[in-house]
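Model the following, please.
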Amino acid sequence: MRRSNRDVSRRSKLRTAFSCLLLLAVVTVAVATYAQPVERKALRVCADPDNLPQSDRSGAGYENKLAQALARDLGKPLEYTFFPQRMGFVRNTLKHRDEKSGEFKCDLILGVPVGFDPAATTHPYMRSTWAMVVPARAGLGTLREPSDVLKLPKERRDALRFGVFSKSPGTDWLLQNGMIDRAKFYSPQSGDVTEHPASIVERDLTSGQIDVAIVWGPVAGYLASRHTGKDAWTTVPFKPDPRIRFDYEIAMGVRFDDKEWRATLDRWIAAHQPEIDKILASYQVPLLELSAKR
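Okay, the predicted model is just below:
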């Protein structure tokens, strides 16, 4: 029996309507599921187990202290997933799901640059800058800012040995000022996961292999705090420079779809900035004023 065009049209419309209703139901369920706030039984932090002054397994870093304060205010126990903070860190921590439970390993990275591509970032809680670390024995106790190095007598300046990390603002500064031939370069990522910038630089400054190190500000402050007395180490921060980017704002990182979680963290940062600053100051982190756009 041949079907009339009217019957075919009616059936086609019914199929279309059914498909639309089915799609609407799926979307409704998905939106309802997404809108439900995630019940977090613990504050689960992704961290490097050996990267002071930021974090370590014993809880001695300033990121550890921030995590403790946040867990206290959320009323949650603090749990860690440790993994060396280098290539693959986010993939193996924040974005890694357990095959059996389907849960992510952890929910928060305590320190990432604002605009960090692999994660959504909160409002910044810290703005710091790269800095020189100078032992007293180098005879550079009169340095007040890095540009003072350029005012030294040529023979003194040419004798200095600088420790810098490849592809860093320190490398750019030495290149800009014609001193790149005085540099000892370090790889941004050592093959030894127990090595980190502070340990590498501290070893070479202590042994006299280099006279000055140019490192990220928190690392510089940490090293200076460990060397006081007769051979005290001094931190000499770089000021913001339109030619070389020395200063960076640091935030917390979460998964892109954890919008409510990010909002919770933003509120906590805004309400606890004085406490955060106090923790950072205790590690001698050179701090700059945060951006007004928060």
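
Could you report the pLDDT at A32?
A32 carries a pLDDT value of 36.

G61 too?
Reported pLDDT for G61: 98.

okay, now it: neighbour count?
Counted by other CB atoms under 10 Å, the residues lying close to G61 total 24. All C-beta atoms are positioned from the backbone trio N, CA, C, and that covers glycine.

how close does it sit to R161?
29 Å (CB to CB, to the nearest Å).

again, but for G221
22 Å.

Just list the residues touching the residue nearest to P53 when sequence neighbours are not counted, thanks.
The shortest distance from P53 to any non-neighbouring residue, by CB to CB, 6 or more residues apart in numbering, is to Y222 (3.6 Å). Taking CB atoms under 8 Å, 6 or more residues apart in numbering, we find Y222 in contact with L52, P53, A198, Y283, Q284.

most neighbours, which of these?
Ranking those using other CB under 10 Å puts P53 first, with 26 neighbours.

shouldn't it be in contact with G61?
Yes - shown here, P53 and G61 form a contact pair, counting by CB atoms under 8 Å, at 5.5 Å.

Need the residues touching each of those two.
Common neighbours of P53 and G61 (CB under 8 Å, 6+ apart) do not exist.

Which residue is the nearest non-sequential neighbour of the residue minimising distance to the centre of the chain?
Most central in the chain under CA atoms, centre = their mean is V112, positioned 2.4 Å from the mean C-alpha point. Nearest in space to V112, with sequence neighbours left out and distances taken as CB to CB, 6+ apart, is G253 at 4.0 Å.

Just the element for the one you found, please.
strand 247-254 (DSSP states H and E).

can you give me the helices in the protein?
Ranges of helices within the chain are 5-35, 62-74, 89-92, 154-159, 169-176, 197-207, 217-226, 259-271, 273-282, based on DSSP state H.

of all those helices, which gets the most neighbours per residue?
Mean neighbours per residue, mean count of other CB atoms under 10 Å, is largest over these for helix 217-226, with a mean of 24.

Please name the residues that touch R182.
D158, L160, R161, F162, L174.

Distance to L265 and pLDDT added to those residues, as TSV?
Formatted as TSV, these follow (distance: CB to CB, whole Å; pLDDT from 0 to 100):
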residue	distance to L265	pLDDT
D158	49	94
L160	43	96
R161	42	97
F162	38	98
L174	37	98
